[in-house]
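[1] Okay, predicted coordinates and the sequence, questions at the end:
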Amino acid sequence: MQHAHPADSHDVIQVRGARENNLADISLDIPKRRLTVFTGVSGSGKSSLVFGTIAAESQRMINETYTAFLQSFMPSQGRPDVDALHNLSAAIIVDQERMGANARSTVGTATDAFTLLRIAFSRLGTPHVGSAGAFSFNHPEGMCPECEGIGRVSAVDVDELVDRELSLNEGAITVPNFTVNTWYWQSFAQSGFLDPDKKIKDYTEQELADFLHREPVKVKHGTFNHTYEGLLVKVQRLYLSKERDSMQAHIRAFVDRAATFATCAACGGSRLNPAALSSRIDGRSIADCAAMQISDLAAFLGKIEDPSVGPLLTVLRGTLDSLVEIGLGYLSLDRESGTLSGGESQRVKMVRHLGSSLTDVTYVFDEPTVGLHPHDIARMNDLLLRLRDKGNTVLVVEHKPEVIRIADHVVDLGPGAGTNGGHLCYAGDFPGLTRSGTLTGDHLGHRARLREVLRTPKGHLPIRGAALHNLHDVDVDVPLGVLTVVTGVAGSGKSSLIHGSLSKRDDVVVVDQSAIRGSRRSNPATYTGVLDPVRTAFAKANGVKAALFSANSEGACPNCKGIGLVYTDLAMMAGVASVCERCEGRRFTAEVLAHKLDGKDISEVLALSITEARDFLKVPAARKILDRLVDVGLGYLSLGQPLTTLSGGERQRLKLAIRMADKGSTYVLDEPTTGLHLADVDQLLGLLDQLVDEGNTVVVIEHHQAVMAHADWLIDLGPGAGHDGGRIVFTGTPADLVAKGETLTARHLRDYVGS
């Protein structure tokens, strides 16, 4: 264990006795105003140290400086399990959480580029139409009055809301929560406007207008006193104006059935009113500028020479140039934030921070290379170094050797995952890591070889005329029964081609990294179905019913309802989650915990890691699923760990383990190496081979050269991103690409295989 102690203790963040999650009471010094990369296998404790300890404590201390009133609006944060942390600075986490799917948030508003563009138009645009607010689609002054600045209007299919053959009393309204005798139903049946026994198809024109379109009006009908509004008006207010992500599943399904969204005819989807659209700079409106590819917009603004907006345009061009540099030049400012991938969201946030005038801040990044081609990683490295050179401390959790190589300081955790992890294996510079004898050090020079023997396709899936987003009418054949890797720089059209053309087919299994619904109560045991045979085994061994062993059912601790934590709302102060006193976090009643299976109670079984559970449980049905979970590299997760705590890569591998039973399918995986250590990538390759050898077709969107080298067939998109991409630039074997390919991918794969 080598450890370099910087001379002055104020120049280091001191961590003493960190025990969060699986951290084994570790102490270390992290140099400030330097770039430190944290490495180690999945589950080794990197996130627990960087996010769960350092960043969490920094944010908690900042929150404590606010008044109690302000704190009541913030999520509560318990103090991390650590003896001491010294010399922390304010931490900003730049993660891959997708930006909220708010229809009013775009790349332009999220980076402030659109704000600067509005000021430029308010000063230079002709005719002059007003201040910067006159160009804002989120401001009454500038928004299109028809769509209220959303750019889309919703049309509702009345027949999805109403069965015209029935009367109100017979249940004519088919909208969720509007069944007979509900409060919403009464507002129609007892309004006095409508005859509740008359079939809808027999309504007069006036009755139909009152029923569907009447604007809100106060109604007093007998003892019934309320505000009446037409069904369409009510549904629009209750459901259609809400964010899709916040809806319950059955309401979302109803909205998807009943509402169609079309581009607003009044503004052509530009979101702005006619006055804002009439003002132009060099013949282009602000909507034209927002719709341009960012790289083109930067070039267009570069030609404007007007001293009155000189400083402003310098800042705006700086933001746009950073977006281009980081490989996002293919986006446009009017692109909705909610449609960006996790990696794209992270890079957009990164650019926002680069433009900030803060210094001496701690920036924390979680795998910033996700979604990046080797060609783009060099640009990402440049941005990380620029943030550091502004005088900030930059902490990065990362597996890619290209990023580890530029670190001033490397912290390696391990040696394994879960209970085998949480120890400090190495801390020091990069050359020292290569000689350290750690798993990470030993794998830095490790290279996957090209396949000796290629598998022969059993046919092809034809894709014809693919034109989604930036695809240029693409024709390509995806071979069946082999491992195909689709590659190309970020924004080249990989996801548009594969998800746009393959995901809709019946026999295609898409395994992505999206969030899993029903989070707080769900865990690997419930989600994979392992818990069912385990509950049955407990019931059999103890002569009681299986429902007792469900934390969502009879056996749940009544105090915490089987969650193990009690959420307390402290009125003026932030709410807190504390371990339930009655069951001590074990989630079940004392009666249930008295029942044992081979010496362990149900909460002890749920606390086992998947690997431990596989060795402990003698339940064949459970063993089969647990074997697959170990195969996908999740053996370190505990059976009862809430799914809310899993990373995107872990969620994807969990879904893969469940779907691996579907034989004869086409699997589509999007960057399955996310979150995987170099040593684990080999295991993933073995797993992909196993899937293909069992008769499946596997299509992987991936940038990792080890996966490219291992493929039977490659489809390379490009040559660039955005409108410079969207074409197939190579199809063939990896060996062909290395031998005679001219693309960016060819160049990087050649270096990789040759080194």
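    Good, I have the coordinates.
[2] For the stretch 201-350 of the chain, which segments count as helices?
    With DSSP state H, counting those that start in this stretch, the ranges of helices along the stretch 201-350 of the chain come out as 205-213, 231-235, 249-258, 274-278, 286-291, 294-302, 310-323, 342-354.
[3] low-scoring stretches of the stretch 101-250 of the chain, by residue?
    101, 224, 241-246 (pLDDT under 70).
[4] nope, the chain is what I meant
    Scanning the chain with the threshold set as pLDDT under 70 gives 1-9, 74-76, 100-101, 224, 241-246, 518-519, 568-576.
[5] most distant residue from the middle of it?
    Gly222 (52.5 Å; C-alpha atoms, centre = their mean).
[6] Turn the helices of the stretch 201-350 of the chain into TSV, columns for mean neighbour count.
    Just so you know, the C-beta spots here come from the backbone N, C-alpha and C atoms, and that holds for glycine as well. Below are these laid out as TSV (neighbours: other C-beta atoms under 10 Å):
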stretch	mean neighbour count
helix 205-213	15
helix 231-235	20
helix 249-258	14
helix 274-278	17
helix 286-291	22
helix 294-302	19
helix 310-323	18
helix 342-354	22
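[7] Tabulate those (JSON lines), appending distance to Val107.
    Listed next are these as JSON lines, based on distance: least, C-beta to C-beta, whole Å:
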{"stretch": "helix 205-213", "distance to Val107": "37"}
{"stretch": "helix 231-235", "distance to Val107": "31"}
{"stretch": "helix 249-258", "distance to Val107": "25"}
{"stretch": "helix 274-278", "distance to Val107": "19"}
{"stretch": "helix 286-291", "distance to Val107": "9"}
{"stretch": "helix 294-302", "distance to Val107": "8"}
{"stretch": "helix 310-323", "distance to Val107": "8"}
{"stretch": "helix 342-354", "distance to Val107": "6"}
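[8] who wins for proximity to Ala525 among these?
    helix 249-258 (22.2 Å; C-beta to C-beta).
[9] ok, back up a step: spatially, what comes nearest to the residue farthest from the centre of the chain if we skip its sequence neighbours?
    Once flanking residues are discounted, Gly222 sits nearest to Gln190: 7.5 Å by C-beta to C-beta, 6 or more residues apart in numbering.
[10] how many other residues sit next to that neighbour?
    Neighbourhood size, Gln190 [other C-beta atoms under 10 Å]: 18.
[11] Tell me how far Glu146 lies from Ala262.
    11 Å (C-beta to C-beta, to the nearest Å).
[12] Please apply the same query to Pro479.
    Pro479 is 39 Å from Ala262, by C-beta to C-beta.
[13] neighbour-wise, which of the two wins?
    Taking neighbours as other C-beta under 10 Å, Pro479 and Ala262 compare with Pro479 leading, 20 against 11.
[14] correct me, but the more buried one touches His460?
    Yes - Pro479 lies in contact with His460 (C-beta atoms under 8 Å); the separation is 5.6 Å.
[15] Show me whatever sits in contact with both of Glu146 and Ala262.
    Val153 (C-beta atoms under 8 Å, 6 or more residues apart in numbering).
[16] Which residue ranges of the stretch 51-200 of the chain form helices?
    Counting by DSSP H, counting those that start in this stretch, the helices of the stretch 51-200 of the chain are 56-63, 68-71, 107-110, 113-124, 183-189.
[17] what does the third one contact?
    Judged by C-beta under 8 Å, 6+ apart, the contacts made with helix 107-110 from elsewhere in the structure are 99, 113-115, 117, 138, 290, 294, 323, 328, 331-335, 337, 340, 348-349, 352.
[18] Stretch 495-505 now?
    The contact list for stretch 495-505 (C-beta under 8 Å, 6+ apart) reads 341, 461, 463, 466, 468-471, 474, 476, 478, 486, 508, 510, 666, 668, 670, 699, 701, 715, 717, 726.
[19] Quick one: end-to-end distance for stretch 216-229.
    End-to-end distance of stretch 216-229: 4 Å, with C-alpha to C-alpha, to the nearest Å as the criterion.
[20] again, but for stretch 171-183
    13 Å.
[21] list the buried ones in that stretch?
    By neighbour count on 16 or more other C-beta atoms under 10 Å, the buried set for stretch 171-183 is 172-173, 175-176, 178.
[22] cool, stretch 415-432 as well?
    Of the residues in stretch 415-432, 415-418, 420-428, 430 count as buried by neighbour count, 16+ other C-beta under 10 Å.
[23] still on that earlier bit, out of the helices of the stretch 51-200 of the chain, flag the one nearest His213.
    When the helices of the stretch 51-200 of the chain are compared by C-beta to C-beta, helix 183-189 sits nearest His213, at 13.1 Å.
[24] Summarise which helices and strands that closest one is packed against.
    Contact partners of helix 183-189 among helices and strands, from 3 or more C-beta pairs under 8 Å, 6 or more residues apart in numbering; DSSP states H and E: strand 224-228.
[25] chain center to the strand it packs on, what's the gap?
    43 Å (C-alpha atoms, centre = their mean, to the nearest Å).
[26] Could I have the CA atoms of it written out in CSV?
    Extracted C-alpha coordinates of strand 224-228, given in CSV (Å, rounded to 0.1, in the frame of the first residue of the first chain):
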residue,chain,number,x,y,z
PHE,A,224,-74.8,20.5,-5.0
ASN,A,225,-72.5,23.5,-5.1
HIS,A,226,-69.4,23.5,-7.2
THR,A,227,-67.5,24.7,-10.3
TYR,A,228,-68.6,22.9,-13.4
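[27] what's the angle from that strand to helix 205-213?
    80 degrees (axes from the mean of the first three to the mean of the last three C-alpha atoms, to 10 degrees).
[28] Run through the neighbouring helices and strands of strand 224-228.
    On a contact count with 3+ C-beta pairs under 8 Å, 6+ apart, strand 224-228 meets helix 183-189, strand 217-221.
[29] So for the longest one, what gets flagged as buried?
    Applying a neighbour-count criterion of 16+ other C-beta under 10 Å, one finds 184-185, 187-189 buried in helix 183-189.
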